[in-house]
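Visitor: Structure for this input, please:
(one chain, ligands or ions: 1)
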Amino acid sequence: MSKFIVDGGSELGGKVKVQGSKNAALPVMAAAILTDENCVLDNVPDILDVRSFLSILEYLGATYTLDNHSLLLNCRDLKLREIPAQMVRKLRGSILLLGPLLTRFGKVKLSLPGGDEIGRRPIDVHLDGFRKLGAKVKENSNSVEISGPRLKGNLLVLPLPSVTGTENLVMASVLADGVTEIRLAATEPHVQDLCKFLQKMGAVVDGIGTSNLTITGVKKLGGAKFTLQSDEIEAVTFCAAAAATRGEVVIERVDLSTLDAPLAVFREMKVGFETGTKPDGDFIKIIKPAGPYQATKIVTGVYPHLLTDEQPLFGVLATQSRGETGIHDWVYEGRQGYLKILQSMGAKVKFDDIHRARISGPTELHAVEVKTPDLRAGASILIAALVAKGQSVLYNAEIIDRGYERLNERLNALGARIKRID
Ligand code: EPU
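Guide: Sure, this is the predicted structure:
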């Protein structure tokens, strides 16, 4: 178990580069299962979830090297083996193995990753979709078994736009017989990256970036080289950290086209920023504030609206804003845990129900000793600890390593004072 010891009160300044997207890396690595050939992925974040996913692929027989954010992955010798439950449970993203393993082997059995701190995480959208493609699904509380030696294209209307559900169904369709139409599909940038990678492998996917995907099955997919997009949630994390500490930071290598909704919220909160484009990507400069930030409404939606993963990063900024900020996040029933921790740090929070809360500010935050609850809550509490007076301790800091590469070191390079103890 690792911990972060954080001395609060420093104002962040300088420049930081955003890494490749975690939620794009996982489905794109899963898609490599669909070919015997080499896949070369650039801008891969060297984070715990990526390493855990690669360990599973290696356990199944894949070979890889990950050096300097470049991944060479080959799944030619993959064998269908039952993956130990403790490997599957290391990351929720292991659910992404279902679609490609089913396609490759005609059957798959997987322990279920289960719910977590943020909520129940059901997978009915994935399983109903597999059934409509002709597969048979057997479920119990711990595992799922799917068999579908010949998947056949169909019309899939998703009851809700599940991100990994859409990704799994796309991966199950690209080599199926005939045409699959996925309506009300998720459109997140990471779903788009998966579809673009599959296109490079030879798949026929139309409608990328819309909620209506049409996939025409092909006979075979080949290897491909692909650069993952920048992580939009990490970009928002650094923006929120800079703003909350009232600093001035240039966040480089972002993709502005994925950031309309969070930038609109920063604007509403009167966080000053400039944006621009350089040869290696776009940038956002958070400008040191002259006055207080303003309360606003933070409402999560379906992309391109604000992502639920971005919500806790705004919640901490709301504690430093004048007035009452309303937060409404419909996605998970456990996404308010971080607000209870902020409350214990001095924030004024009223809970209306499990999806809605109000934060009044500005308030001074004081230090806290706390177990890191989940990835995004962890990032939010880490930012709160940077703002707070005194020394905070975040236990289980490796939860933050699941999705952020060396976040403590990169914040320290901006002037934070975070000591890591492993
Ligand atoms: N849902 C169902 N049935 C399903 C699937 C989802 O009811 O079969 C519900 C969920 O309970 C939730 C909503 O639909 O209320 C959205 O869930 P979704 O399936 O889209 O989530 P996910 O695919 O499991 C991905 C990200 C999460 C992110 C969500 C929502 C990856 C690997 N994970 O999860 O990322 O919160 O989409 O945007 O892409 C994170 O990065 O910290 C993280 C948790």
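Visitor: what residues does the stretch 51-200 of the chain put near the ligand?
Guide: Residues of the stretch 51-200 of the chain lying close to the ligand by C-beta under 6 Å from any ligand atom are 92-93, 119-126, 160, 162-165, 190. Where C-beta positions appear, they are placed from N, C-alpha and C, glycine not excepted.
Visitor: of all those residues, which comes closest to residue 52?
Guide: residue 93 (8.3 Å; C-beta to C-beta).
Visitor: How about that closest one: what's its closest non-neighbour residue?
Guide: With sequence-adjacent residues excluded and distances taken as C-beta to C-beta, 6 or more residues apart in numbering, residue 93 is closest to residue 26, at 3.9 Å.
Visitor: element containing that neighbour, please.
Guide: helix 22-31 (DSSP states H and E).
Visitor: Look up how far residue 415 lies from the nearest residue to residue 289 once chain neighbours are set aside.
Guide: Excluding its sequence neighbours, the residue lying closest to residue 289 (C-beta to C-beta, 6+ apart) is residue 246, at 5.6 Å. Counting by C-beta to C-beta, to the nearest Å, the gap from residue 246 to residue 415 is 12 Å.
Visitor: Let me know the secondary structure of residue 301.
Guide: Under DSSP: H, G, I helix; E, B strand; the rest coil, residue 301 falls in the coil class.
Visitor: typo on my end, it should be residue 215
Guide: Taking three-state DSSP, the label given to residue 215 is strand.
Visitor: Would you mind naming the residues that bridge with it?
Guide: Note on residue 215: beta-bridge partners residue 180, residue 205, judged by DSSP bridges.
Visitor: Let me see the contact set for it.
Guide: Taking C-beta atoms under 8 Å, 6 or more residues apart in numbering, we find residue 215 in contact with 153, 170, 173-174, 176, 179-182, 203-206.
Visitor: quick one: the strands in the stretch 151-300 of the chain?
Guide: 155-157, 179-183, 204-206, 212-216, 225-227, 248-254, 273-278, 281-286, 293-294, 297-299 (DSSP state E, counting those that start in this stretch).
Visitor: list the residues that contact both of residue 246 and residue 415?
Guide: residue 11.
Visitor: returning to that earlier point: ok, the residue nearest to residue 289 - how many residues close by?
Guide: 16 (other C-beta atoms under 10 Å).
Visitor: Next, the contact list for it, please.
Guide: Contacts for residue 246 (C-beta under 8 Å, 6+ apart) come out as 11, 288, 289, 320.
Visitor: Mind doing that once more with 7 Å?
Guide: By C-beta atoms under 7 Å, 6 or more residues apart in numbering, the residues touching residue 246 are 11, 288, 289.
Visitor: before we move on, back to that, tell me which residues of the helix holding residue 26 are tucked away?
Guide: Along helix 22-31, these residues count as buried under the neighbour rule (16 or more other C-beta atoms under 10 Å): 22, 23, 24, 25, 26, 27, 28, 29, 30, 31.
Visitor: what's the average pLDDT for it?
Guide: For helix 22-31, the mean pLDDT works out to 98.
Visitor: Centre of the chain to that helix, how far?
Guide: 10 Å (C-alpha atoms, centre = their mean, to the nearest Å).
Visitor: That helix and the ligand in contact?
Guide: Yes - judged by C-beta under 6 Å from any ligand atom, helix 22-31 comes into contact with the ligand at 22, 23, 26.
Visitor: Among the residues you listed, find me the one that's closest to residue 383.
Guide: residue 22 (18.1 Å).
Visitor: Next up, the contacts around the nearest residue to that closest one once chain neighbours are set aside.
Guide: Distances taken as C-beta to C-beta, 6+ apart place residue 403 nearest to residue 22, at 4.9 Å, with adjacent residues excluded. The contact partners of residue 403, by C-beta under 7 Å, 6+ apart, come to 22, 47, 49, 375.
Visitor: so the second one touches residue 400, yeah?
Guide: No - proximity of residue 47 to residue 400 does not meet the contact threshold set by C-beta atoms under 7 Å, at 9.5 Å.
Visitor: From residue 155, how far out is the residue nearest to residue 22?
Guide: Here the distance between residue 403 and residue 155 works out to 34 Å (C-beta to C-beta).
Visitor: Residue 246 too?
Guide: 52 Å.
Visitor: what's the neighbour count on residue 229?
Guide: If we define neighbours as other C-beta under 10 Å, then residue 229 has 22 of them.
Visitor: Among the contacts of residue 215, which one lies nearest to the ligand?
Guide: For the contacts of residue 215, the closest approach to the ligand (C-beta to the nearest ligand atom) belongs to residue 170, at 12.6 Å.
Visitor: just checking, the closest one touches residue 195?
Guide: Yes - taking contacts as C-beta under 7 Å, residue 170 lies within contact range of residue 195: 6.3 Å.
Visitor: what residues do the two have in common as contacts?
Guide: In contact with both residue 170 and residue 195: residue 205, using C-beta under 7 Å, 6+ apart.
Visitor: that older thread, ok, of the contacts of residue 246, which come out buried?
Guide: Buried members of the contacts of residue 246, counted by 16+ other C-beta under 10 Å: residue 11.
Visitor: what's the burial count for the closest residue to residue 19 other than its chain neighbours?
Guide: With C-beta to C-beta, 6+ apart as the criterion, residue 19 has its nearest non-adjacent residue at 4.2 Å, and that residue is residue 45. When neighbours are counted by other C-beta under 10 Å, residue 45 registers 22.
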